[in-house]
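Asker: output the structure for:
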Amino acid sequence: MDYSSTLNSLIQLSYSELTNNERSIVLDKMSESDELCDTFSQIEQIKSVLDTEKYSPNPTSVKIILEESQRSELEMH
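Answerer: Numbers count the residues shown, from 1 in each chain. Next up is the predicted model:
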């Protein structure tokens, strides 16, 4: 596994997006590598920080989206 695919696998593991077989492979690799465990820990820390961020869209953007949505709905009928 190259670094990119390993990193992607660790991210997928963090988000529970691996199959059982893939998960087992990644966990086996992690059991053999402190570096992978550290990287996974960093991913989890970053993910927890990102999960706390709150973002509200600009009210004008919401208005435009709603107007477009309603217009599209009317055009379909």
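Asker: mind listing what's buried along stretch 7-14?
Answerer: Neighbour counts over stretch 7-14 (16 or more other CB atoms under 10 Å) mark Ser9, Leu10, Ile11, Leu13 as buried. Heads up, the C-betas are built off the backbone N, CA and C, glycines and all.
Asker: same check, this time on stretch 20-38
Answerer: Val26, Met30, Leu36.
Asker: re the thing from before, out of the buried residues of stretch 7-14, list just those in helices.
Answerer: Ser9, Leu10, Ile11, Leu13 (DSSP state H).
Asker: spatially central residue for this structure, please.
Answerer: Residue closest to the mean C-alpha point of the chain, counted by CA atoms, centre = their mean, is Tyr15 at 6.3 Å.
Asker: check which helix or strand the residue nearest to that one when sequence neighbours are not counted maps to.
Answerer: Excluding its sequence neighbours, the residue lying closest to Tyr15 (CB to CB, 6 or more residues apart in numbering) is Lys47, at 7.8 Å. Assigned by DSSP states H and E, Lys47 falls within helix 34-52.
Asker: output that helix as PDB - backbone C-alpha positions only.
Answerer: Taking Å, rounded to 0.1, in the frame of the first residue of the first chain, the C-alpha atoms of helix 34-52 are listed here in PDB:
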ATOM      1  CA  ASP A  34       3.300   3.000  15.600                       C
ATOM      2  CA  GLU A  35       3.400   5.500  12.800                       C
ATOM      3  CA  LEU A  36       0.000   4.400  11.400                       C
ATOM      4  CA  CYS A  37      -1.500   4.500  14.900                       C
ATOM      5  CA  ASP A  38      -0.200   8.000  15.400                       C
ATOM      6  CA  THR A  39      -1.500   9.100  12.000                       C
ATOM      7  CA  PHE A  40      -4.900   7.600  12.900                       C
ATOM      8  CA  SER A  41      -4.900   9.400  16.200                       C
ATOM      9  CA  GLN A  42      -4.200  12.700  14.400                       C
ATOM     10  CA  ILE A  43      -7.100  12.000  12.000                       C
ATOM     11  CA  GLU A  44      -9.400  11.400  14.900                       C
ATOM     12  CA  GLN A  45      -8.300  14.600  16.600                       C
ATOM     13  CA  ILE A  46      -8.800  16.700  13.500                       C
ATOM     14  CA  LYS A  47     -12.200  15.000  12.900                       C
ATOM     15  CA  SER A  48     -13.300  15.900  16.400                       C
ATOM     16  CA  VAL A  49     -12.300  19.500  15.900                       C
ATOM     17  CA  LEU A  50     -14.100  19.700  12.600                       C
ATOM     18  CA  ASP A  51     -17.200  18.200  14.100                       C
ATOM     19  CA  THR A  52     -17.400  21.100  16.600                       C
END
